[in-house]
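Participant: generate coordinates for the sequence data below:
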Amino acid sequence: MPHRDASPELALPTWARPWLAGTRGRGVRVAVIDSGFRRDGSPNDWLEAGHGLVAPEDGLRLAWSDDSDDRIGHGTACAQIIHRLAPAATIVPLRVFGQRLETSPEIILEALSWAIRGRYQVINLSLGTQAQDALRPFYRLCQEAHDLGIVLVSALPRGDGVSYPAAFEPVLGVTLGEVDNPFDFHYVEDHAAEIHAYGHHCATWHGEARELHGSSFAAPHVSGIVARLLEKEPGLGLAGVRQQLAAMAAANWR
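Facilitator: Here you go, the predicted structure:
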């Protein structure tokens, strides 16, 4: 069986209701830059037609196509997490990986540029780079997204590791947190890993049950929450989103 999470829509915790009650991500478009999405023939009206940026057999060579089919399951899991938290949001899969979780900064930059031009309100990047020669072009694109009101959400390794674009100021940096609910997170102001979020996901891939966890899966939980915030207040921008996330975390943990 293809990877598909048939879990029901998540119940909203009481503490989150002042910010998220009545929202489901309606009207919000989310780009997921990852390994694509494996469709299983079921109606996926929340998915836009995606794109592949690499040939499946060679994940390091830029090659645009309509082939967004996921070969490894990572991007499918990220998209389904966002869909569970924000079931009315529209998601587009942009495949930057082939048969393994390896690509080049240039390919990620190309996907990010495409998503920015498409004015997707939220862009999820459960990936990162430490390549020094990519930092300036990455930062320029992140700043462009910020100036357009687009919210970038990117995964950061747990611990002392730093990767980009998550560590850039115009990006929400997310790492795996010690929390028990998909809506739970800690907010750490003025820190690269400013959000410590839930990063667990149960999935099936080719008939095999998988328990997934890590920062890669914490980021889409935050993207789903952000999509709901933007449904309620479309003009929030990154500063407004940060303010609301900080207030939500304070309400949850006080």
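
Participant: look up the closest residue to P170, ignoring the ones flanking it.
Facilitator: Spatially, and ignoring its direct neighbours in sequence, P170 is nearest to H146 (3.8 Å; Cβ to Cβ, 6 or more residues apart in numbering). To be clear about C-beta, it is placed using only N, CA and C from the backbone, and glycine gets the same treatment.

Participant: right, and the helix or strand after the host helix or strand of the one you found?
Facilitator: Following DSSP states H and E, one finds H146 within helix 135-147. Scanning forward in sequence from helix 135-147 by DSSP H and E, the next helix or strand is strand 151-155.

Participant: tell me the strands beside the helix or strand that that next one is followed by, with direction?
Facilitator: As assigned by DSSP H and E, the chain's next helix or strand after strand 151-155 is strand 172-176. The strands beside strand 172-176 in its sheet (DSSP bridges) come out as strand 151-155 (parallel), strand 195-197 (parallel).

Participant: possible to save the ones you listed as JSON lines with mean pLDDT, distance to L20 and mean neighbour count?
Facilitator: Output for the strands paired with strand 172-176, formatted as JSON lines (pLDDT from 0 to 100; distance: least, Cβ to Cβ, whole Å; neighbours: other Cβ atoms under 10 Å):
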{"stretch": "strand 151-155", "mean pLDDT": "98", "distance to L20": "15", "mean neighbour count": "28"}
{"stretch": "strand 195-197", "mean pLDDT": "97", "distance to L20": "15", "mean neighbour count": "27"}
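
Participant: out of these, flag the one nearest W15.
Facilitator: Proximity to W15 (Cβ to Cβ) singles out strand 195-197 among these, at 15.0 Å.

Participant: distance from the closest one to the middle of the chain?
Facilitator: 13 Å (Cα atoms, centre = their mean, to the nearest Å).
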